[in-house]
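Asker: the following block contains a protein sequence and its predicted model.
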Amino acid sequence: LAQRDDLDVIVHLGDYLYEDAVDEDPLAGRSLDPEHEILTLADYRRRHAVYKTDPDLAEAHRRFAWITTIDDHEITNDAWADGAENHDPGEGDYPTRKAAGLRAYFEWMPIRPVDGVQIHRRLSYGPLADLVVLDERSYRSLQVSGLSGSLLTTDPAVADPDRTMLGAAQRHWLTGVLDGSTAQWKVVLNSVMFAPLVVGDPPDVPGVTPLLQQTLGELGLRPPVVLNADQWDGYQVEQRALTEHFGQVGGVVLLTGDIHSSWAAEIPADPGTYLTVVGGKSNAVEFVAPAVTSGSFKDVLAGAFPGGEELVKAVPLLLGLLGSWFKYFDGERHGFGVFEVTPAAAQYDWFYVSDRRDPNATLVPGPSWRSRAGTNRLEEATPLG
């Protein structure tokens, strides 16, 4: 990214750093300071400082403006309004830790929080695009538990209408911004995946359905299974309400991080329709960026539960069966995406690196997908430029 000459701005969607101890992800090749899990303001400041010593990252900051928002690891894993999965009473007061993490973030990152603390905001690019930045950690409800943390849950609480990702005030602000926008594109900077990723009853496909049924059976699970309740699927009433709103205003594109993998998806107005009718109504589109250096989706899922590695191999086929709104998926490679909006289309190109630990790694172009203006649909495209 630091070597490109065609960028207007770099967008970062959260998990800029990780709070873990130095040995939590040895394959990433990072040298961290302090080596223990960070808890205090001094800890968070030092961890930010170490990240900023990376010469390529420093050059990218020097050359380009950045638009950023937080995800959970700016504080700690699976953070919510009043706590986090990776915080226990022995680690002190959570509000104090949260305040420390956010203060260090505001000190080290190119962001001007509204009134000192508010992260959600709108940036206007005239009649072409409004960038709508969300904060999906500070106000959200506690995640529904699954088999491994918030992964793999069958708890009907995901459909509780009182559960919220954004909080009432931020949700009201978001819908007001969307309703008042006169821009052609409403680009929503969104930390966690919005497109539904739920395993329902699959059609009978030899070699795939038996594997899925066997894996779920061994885990003691029956469909429907929410794969990750930390994503929007864990807040389904709010997810459906926003999906409907996106369709009403039109021109909504979600740019998403978090899941350490690459996805292109249409946002189905009704997932059930998409299962039976290819090309059911779409209310928006979503592009998901891969991780730069942290473990891939494949690594995370394979280590989360027994049989996970085999299930990962079947994900592309499962997506075709269970979520035909997903148009592209890569769960292994690391890299970044380049996004462009014009009056004609919004387009996303993926780029992958040959080795996440090598500063001189080669760059491999990935696929390109775009949404033509007025369609809320995705189609394959030729690369930008």
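Answerer: It's in.
Asker: all contacts plus neighbour counts: C-alpha atoms, from now on.
Answerer: OK.
Asker: what's the burial count for residue 358?
Answerer: Here the number of neighbours of residue 358 (other Cα atoms under 10 Å) works out to 10.
Asker: what values do phi and psi take at residue 282?
Answerer: Phi and psi for residue 282, reported as degrees, to the nearest 10, are phi -110, psi 140.
Asker: show me what contacts the closest residue in space to it that isn't next to it in sequence?
Answerer: Residue nearest to residue 282 in three dimensions, not counting chain neighbours: residue 268, with 4.6 Å by Cα to Cα, 6 or more residues apart in numbering. By Cα atoms under 8 Å, 6 or more residues apart in numbering, the residues touching residue 268 are 195, 243, 274, 280-284, 325.
Asker: the same query, at a cut-off of 10 Å, please.
Answerer: 195-196, 240, 243-244, 247, 274, 279-285, 323-326, 376 (Cα atoms under 10 Å, 6 or more residues apart in numbering).
Asker: likewise residue 116?
Answerer: Shown in contact with residue 116 (Cα under 10 Å, 6+ apart): 103, 106.
Asker: so it is in which element?
Answerer: In the assignment (DSSP states H and E), residue 116 maps to no helix and no strand.
Asker: measure it to residue 47 for me?
Answerer: Using Cα to Cα, to the nearest Å, residue 116 is found at 22 Å from residue 47.
Asker: for residue 78, same thing?
Answerer: Distance, residue 78 to residue 47, using Cα to Cα: 19 Å.
Asker: swap in residue 32?
Answerer: Taken as Cα to Cα, the span from residue 32 to residue 47 is 7 Å.
Asker: joint contacts of the two?
Answerer: Joint contacts of residue 32 and residue 47 (Cα under 10 Å, 6+ apart) are 18-19.
Asker: now residue 112. Nearest residue, chain neighbours left out?
Answerer: Once flanking residues are discounted, residue 112 sits nearest to residue 106: 7.4 Å by Cα to Cα, 6+ apart.
Asker: which residues touch the one you found?
Answerer: The contact partners of residue 106, by Cα under 10 Å, 6+ apart, come to 100, 112-113, 116-117, 119.
Asker: what about residue 41, how many neighbours?
Answerer: As a burial measure, residue 41 scores 18 neighbours (other Cα under 10 Å).
Asker: got a pLDDT number for it?
Answerer: At residue 41, the model reports a pLDDT of 98.
Asker: and it, its phi and psi?
Answerer: Per-residue torsions, residue 41: phi -60, psi -40 (degrees, to the nearest 10).
Asker: name the element the closest residue to it other than its chain neighbours belongs to?
Answerer: Nearest residue to residue 41, sequence neighbours excluded (Cα to Cα, 6+ apart): residue 100, at 4.6 Å. Residue 100 is located in helix 94-108, with elements delineated by DSSP H and E.
Asker: and that helix, C-alpha only, in PDB?
Answerer: Coordinates of each C-alpha in helix 94-108 appear next as PDB, following Å, rounded to 0.1, in the frame of the first residue of the first chain:
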ATOM      1  CA  TYR A  94     -13.200  -3.200  32.700                       C
ATOM      2  CA  PRO A  95     -14.400   0.400  32.200                       C
ATOM      3  CA  THR A  96     -10.900   1.500  33.300                       C
ATOM      4  CA  ARG A  97      -9.300  -0.900  30.700                       C
ATOM      5  CA  LYS A  98     -11.700   0.200  28.000                       C
ATOM      6  CA  ALA A  99     -10.900   3.900  28.700                       C
ATOM      7  CA  ALA A 100      -7.200   3.200  28.600                       C
ATOM      8  CA  GLY A 101      -7.400   1.300  25.300                       C
ATOM      9  CA  LEU A 102      -9.500   4.100  23.600                       C
ATOM     10  CA  ARG A 103      -7.400   6.900  25.000                       C
ATOM     11  CA  ALA A 104      -4.200   5.300  23.600                       C
ATOM     12  CA  TYR A 105      -6.000   4.700  20.300                       C
ATOM     13  CA  PHE A 106      -7.000   8.400  20.000                       C
ATOM     14  CA  GLU A 107      -3.500   9.500  20.900                       C
ATOM     15  CA  TRP A 108      -1.800   7.300  18.300                       C
END
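Asker: now do it, average pLDDT.
Answerer: Averaged over helix 94-108, pLDDT sits at 97.
Asker: give me the buried positions along that helix.
Answerer: Across helix 94-108, burial judged by 16 or more other Cα atoms under 10 Å covers 94, 97-98, 100-106.
Asker: chain center to that helix: distance?
Answerer: Here helix 94-108 shows a centroid-to-chain-centroid distance of 21 Å under the convention Cα atoms, centre = their mean, to the nearest Å.
Asker: and what of stretch 235-252?
Answerer: Here stretch 235-252 is found 17 Å from its chain centre; the criterion is Cα atoms, centre = their mean.
Asker: so residue 194 sits in a helix?
Answerer: No. According to DSSP: H, G, I helix; E, B strand; the rest coil, residue 194 belongs to no helix; its state is coil.
Asker: for it, grab the count of nearby residues.
Answerer: Neighbours of residue 194 under the rule other Cα under 10 Å: 23.
Asker: thanks a lot, see you next time.
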